[in-house]
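Q: Task: produce atomic coordinates for the following.
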Amino acid sequence: MRCAATVAGFHRLRLALLRQRLPIIPLRNARGQRSRPEQRHSNNPTGQVITMSLSERWKPSTTVAAVIERDGRFLLIEEHTPEGLRLNNPAGHLDPGESPQEACVREVLEETAHAFSPTALLGIYYGRFQRPASPNWPQGEDISYMRFAFCGSVGEAIAGRSLDTGIVRTLWLTPDEVRATRARHRSAYLLACMEDYLRGQRYPLELVRTDASVYGPLG
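A: This is a model prediction of the structure:
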């Protein structure tokens, strides 16, 4: 017997799919009986069909990034990637037991040796990265990212502190220099975040609320 929460969740999913004009295709078991429902997406530009049953739980990778401007220049990092040396904001993945703001402070310190003080949420950015199959990546990669970008200020670099593995150096670039190096950006978010910052986009830090349960013991 299905619990009320599962049924209610399915109805919410059905309404969402109907709004997007995406069909719901019932799954059937070996006897031809209807089983758990499945949603089907075929509205991507490549025409690729993506299916996912409700027994699965898909989620994007949650990341954080810092947009740091001082005297008209932005603090970036240059790092090794499978595609060669690339430029990026100080950024990284959210770890267990920390808020997005705390993760951003940690990543800036690890990647730039600067202590970061976030002052505002710049935005939440959602996109997809696909890396084709290659000798180094036989299966390729297909990852969706949700980035929480914060802006704020930094002090001077902490003397003697080494940068994270893979980070070659830090740079302070003007907006025009950032735009001119677009081909070397690790993420399209780099330019998008800078442009949003320059046009004055800001949101209160309180918009991202972290529940106390996040800091509890890990199971």
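
Q: how about the helices in the protein?
A: For the chain, helices defined by DSSP state H occupy the ranges 4-19, 100-112, 175-180, 189-198.

Q: wait, residue 105 sits on residue 116?
A: Yes. Here residue 105 lies in contact with residue 116, judged by CB atoms under 8 Å, at a distance of 5.1 Å. Every residue, glycine included, has its C-beta placed from N, CA and C.

Q: Compare the two and say which one has the larger neighbour count.
A: Neighbours per residue, other CB atoms under 10 Å: of residue 105 and residue 116, the larger number sits with residue 116, 23 against 20.

Q: I'd like to know how far the more buried one sits from residue 151.
A: Residue 116 sits 10 Å away from residue 151 when distances are taken as CB to CB, to the nearest Å.

Q: tell me the domain ranges of the protein?
A: 9-53, 61-204 (automatic domain parsing).

Q: Need these in TSV (columns: mean pLDDT).
A: Conversion of the domains of the chain to TSV gives the following (pLDDT from 0 to 100):
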stretch	mean pLDDT
domain 9-53	47
domain 61-204	95
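
Q: The longest strand seen in the chain - contacts with which helices or strands?
A: With residue count as the measure and DSSP state E as the assignment, the chain has strand 116-131 as its longest strand. Using 3 or more CB pairs under 8 Å, 6 or more residues apart in numbering; DSSP states H and E, the elements in contact with strand 116-131 are strand 61-70, helix 100-112, strand 141-154, helix 189-198.

Q: pull the CA atoms of that strand into CSV?
A: What follows is strand 116-131 as a C-alpha-only set of coordinates in CSV (Å, rounded to 0.1, in the frame of the first residue of the first chain):
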residue,chain,number,x,y,z
PHE,A,116,36.9,35.6,2.4
SER,A,117,34.0,37.4,4.0
PRO,A,118,30.7,36.9,2.0
THR,A,119,28.5,40.0,1.9
ALA,A,120,25.7,38.9,-0.4
LEU,A,121,24.3,36.1,-2.5
LEU,A,122,25.0,36.9,-6.1
GLY,A,123,22.7,34.2,-7.6
ILE,A,124,22.0,30.5,-8.0
TYR,A,125,23.1,29.1,-11.3
TYR,A,126,22.0,25.8,-12.8
GLY,A,127,23.6,24.1,-15.8
ARG,A,128,25.0,20.9,-17.4
PHE,A,129,28.5,19.9,-18.3
GLN,A,130,29.2,17.1,-20.8
ARG,A,131,32.6,15.7,-21.5
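
Q: For it, buried residues please.
A: 116, 118, 120, 121, 122, 123, 125 (16 or more other CB atoms under 10 Å).

Q: same question, stretch 151-161
A: Neighbour counts over stretch 151-161 (16+ other CB under 10 Å) mark 151, 152, 154 as buried.

Q: Is there a neighbour count for residue 94? I'd like the number.
A: The burial count assigned to residue 94 is 19, neighbours taken as other CB under 10 Å.
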